[in-house]
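[1] Any chance you could fold what I've pasted below:
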Amino acid sequence: MGPLPRTLELFYDVLSPYSWLAFEVLCRYKNIWNVSLQLRPTLIAGIMKDSGNQPPALLPRKALYVKNDVRLLGQYLQVPIHLPKDFFFVIFEKGSLTAMRFLTIVKLEHPELLEKVSRELWMRVWSRDEDITEPQSILAAAEKAGMSTGRARELLERVSTPQVKNQLKETTDAACKYGAFGLPVTVAHLDDETYMLFGSDRMELLAHLLGKLQVHAELPLTPPLRDISCPEGWIQSKKKNVLGPSSNGASYRHRCA
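    Residues are numbered from 1 along each chain as shown. Reported below is the predicted structural model:
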């Protein structure tokens, strides 16, 4: 019998494209890394307010950077991100309150569908530039994820109940207590230590903490690297197509294709 899975919590909001990137990588690797991935629908607006942070899109230079950064990361991680035409209207006017309340009740009532419904909402807003605030849009996402129309309507009618509102607030407060100032936030519970990692670009650090710093050919974190020269002091194994340090005894390997 192998070791028990360690627990990772992913706090996310479908209004955040970086949350989508982190979500997809963790979903790819949860079995390989032997982790129990707990998806935690969270309201990013609540975190920004609690922390006093400001969205990067409010600053013109950061907004331009984010647009280019998200596009490049989507290509790098093979996630089909295409920014909506009216980026600011989607972020600052429409928001994600109803969608995140819906995901909250999906987690409460049908946790087995939470991953799929979350992905469908991201696909709508960040891949196809479709609405995620109108009831029909949320229902369409739920149905495409495998939920019956009747059940999806029933859940949507309950998104404004105290139970759902309180649960979303409690999850958002939990993220804030871990120190969140934006999303995504991954919280790793490892032995007697708890680590809060912000952003979608901390996956190699997370792998290091898990003792799994290895890019697998079967499910690559990124597309295979090409024309990368091997660092001095490293040796290449043709049999496994991996690199490992030749002398320092480090326990990790990195792919060199």
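[2] Strands along the stretch 151-257 of the chain, start to end?
    185-190, 193-198, 234-237, 242-245, 254-255 (DSSP state E, counting those that start in this stretch).
[3] Which strand or helix spans residue 133?
    Residue 133 belongs to no helix or strand when assigned by DSSP states H and E.
[4] show me where the stretch 101-250 of the chain has helices.
    With DSSP state H, counting those that start in this stretch as the criterion, the stretch 101-250 of the chain has helices at 114-126, 135-144, 149-156, 162-177, 203-210.
[5] what's the longest one in contact with?
    Going back to what we said before, that points to helix 162-177. 11, 40-43, 46-47, 50-51, 100-101, 104-105, 108, 158, 183, 185 (CB atoms under 8 Å, 6 or more residues apart in numbering). In short, each C-beta sits where N, CA and C put it, glycine included.
[6] And stretch 181-200, by the same measure?
    Identification of contacts with stretch 181-200 by CB under 8 Å, 6+ apart yields 6-13, 16, 18-19, 21-23, 25-26, 42, 44, 47-48, 51, 53, 73, 175, 178-180, 202, 205-206, 209-210.
[7] again with stretch 72-88
    If you take CB under 8 Å, 6+ apart as the criterion, stretch 72-88 is touched by 17-18, 20-21, 24-25, 57, 63, 67, 70-71, 90, 123, 125-129, 200-201, 221-223.
[8] how does it look with 10 Å?
    Residues external to stretch 72-88 that are found in contact with it (CB atoms under 10 Å, 6 or more residues apart in numbering): 17-18, 20-25, 28, 55, 57-58, 63, 66-68, 70-71, 90-91, 93-94, 122-131, 200-201, 203, 220-223.
[9] Just the buried ones out of those, please.
    Buried members of those, scored by 16 or more other CB atoms under 10 Å, are 17-18, 20-25, 28, 55, 57, 66, 70, 90-91, 94, 122-127, 200, 203, 221.
[10] Quick one: mean pLDDT for stretch 37-52?
    Average pLDDT, stretch 37-52: 97.
[11] Between the two ends of that stretch, how far is it?
    One end of stretch 37-52 sits 28 Å from the other (CA to CA, to the nearest Å).
[12] Give the buried residues for that stretch.
    The neighbour-count check on stretch 37-52 (16+ other CB under 10 Å) flags 37, 39, 40, 41, 42, 43, 44, 45, 46, 47, 48 as buried.
[13] part of a strand, is the second one?
    Just to be clear, that refers to residue 39. Yes - counting by DSSP: H, G, I helix; E, B strand; the rest coil, residue 39 falls inside a strand.
[14] Could you double-check that it sits in contact with residue 11?
    Yes - using CB atoms under 10 Å, residue 39 is in contact with residue 11, at 8.9 Å.
[15] joint contacts of these two?
    The overlap between the contact sets of residue 39 and residue 11 (CB under 10 Å, 6+ apart) is empty.
[16] can you give me the offset of the lengthiest helix in the chain from its chain's centre?
    When the chain is parsed with DSSP state H, its longest helix is helix 60-77. Here the centre of helix 60-77 is set off from its chain's centre by 16 Å, with CA atoms, centre = their mean, to the nearest Å.
[17] quick one on the thing from earlier: can you tell me which of the buried residues of stretch 37-52 lies closest to residue 115?
    Nearest to residue 115 among the buried residues of stretch 37-52 is residue 39, at 6.5 Å by CB to CB.
[18] which residues does the closest one bridge with?
    residue 10 (DSSP bridges).
[19] contacting residues around it?
    Contacts for residue 39 were tallied using CB under 10 Å, 6+ apart; they are 8-12, 23, 26-27, 103, 106-107, 111, 114-115, 118.
[20] Just the buried ones out of the residues you listed, please.
    By 16+ other CB under 10 Å, those give 8-12, 23, 26, 103, 106-107, 114-115, 118 as buried.
[21] Next, give me the two most distant ones among those residues.
    Spatially, the most separated pair among the buried ones among the contacts of residue 39 is 8 and 106, at 19.4 Å (CB to CB).
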